[in-house]
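Chemist: Pasting the sequence and the predicted coordinates here, then a few questions.
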Amino acid sequence: MNTPTQTVTVQLPDEAATRRLGAALAGALGPGDVVVLRGDLGAGKTALARATVRALTGDPDEEVPSPTFTLVQVYEGAAGPLVYHYDLYRLEHPDDVLELDLDDALAGGIALIEWPDRMAGWLPRDRLDITLSHTGATARRADLTGQGAWRGRMDSLARRVTS
């Protein structure tokens, strides 16, 4: 059986647009939500995750380093759940993700996952996939695709991210 999907495309002409997308995305996220970020190196995955984390913590100056070496950073959400920011680029085996508090993130946190393909079969069915791609020197495009239960949330999300 195929999982229904719906895709929304957002043009990101500069980093300010990426920050706005992160803030809009944060307003749509709640406990148990998973957002996976795909794209080539330099496509803006960490910039989008950073903007989303800052909006979720309510602190525009929150230090949000790339978790490339630690694999995960955890933040206190301003209005509730913990925010887990994963960068799985250096993950050696898909099962290693289980040592990174994935169960806690999926149970009641918000998970932002860069390089999700490294976790193979551990991706949850209900998730928001965001694929970032270069469209110019500083411009990007974000394709947001709802998987599983996210499909029913895409109209609301589209209003948030395109207004």
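Modeler: On my side now, so go ahead.

Chemist: What is the end-to-end distance of stretch 60-73?
Modeler: For stretch 60-73, the first-to-last residue distance is 17 Å (C-alpha to C-alpha, to the nearest Å).

Chemist: Report the buried residues of that stretch.
Modeler: Across stretch 60-73, burial judged by 16 or more other C-beta atoms under 10 Å covers 62, 64, 66-67, 71-73. In short, each C-beta sits where N, CA and C put it, glycine included.

Chemist: And the contacts of that stretch?
Modeler: 46, 49-50, 53-54, 75, 84-91, 100-101 (C-beta atoms under 8 Å, 6 or more residues apart in numbering).

Chemist: Closest one of the buried residues of stretch 60-73 to P124?
Modeler: Distances from P124 to the buried residues of stretch 60-73, taken as C-beta to C-beta, are shortest for V72 (16.2 Å).

Chemist: who does the closest one bridge with?
Modeler: On the basis of DSSP bridges, V72 is bridged to Y86.

Chemist: Does the closest residue to R38 other than its chain neighbours belong to a helix, a strand or coil?
Modeler: Nearest residue to R38, sequence neighbours excluded (C-beta to C-beta, 6 or more residues apart in numbering): T131, at 4.5 Å. Under DSSP: H, G, I helix; E, B strand; the rest coil, the three-state class of T131 is strand.

Chemist: Can you lay out the buried residues of stretch 60-73 as TSV showing pLDDT?
Modeler: Shown next, in TSV, are the buried residues of stretch 60-73 (pLDDT from 0 to 100):
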residue	pLDDT
E62	90
V64	92
S66	84
P67	83
L71	89
V72	91
Q73	91
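
Chemist: just to revisit the earlier point, show the buried residues in the contacts of stretch 60-73.
Modeler: By 16+ other C-beta under 10 Å, those give 46, 49-50, 53-54, 75, 84-88, 91, 100-101 as buried.

Chemist: quick one: which of those residues sit in strands?
Modeler: 75, 84-87 (DSSP state E).

Chemist: could I get those as a markdown table with pLDDT and distance to G22?
Modeler: Below are these laid out as a markdown table (pLDDT from 0 to 100; distance: C-beta to C-beta, whole Å):
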| residue | pLDDT | distance to G22 |
| --- | --- | --- |
| Y75 | 92 | 13 |
| Y84 | 93 | 16 |
| H85 | 93 | 12 |
| Y86 | 93 | 16 |
| D87 | 91 | 16 |
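
Chemist: Poorly predicted segments of this protein, please.
Modeler: Residue ranges of the chain with pLDDT under 70: 1-5.
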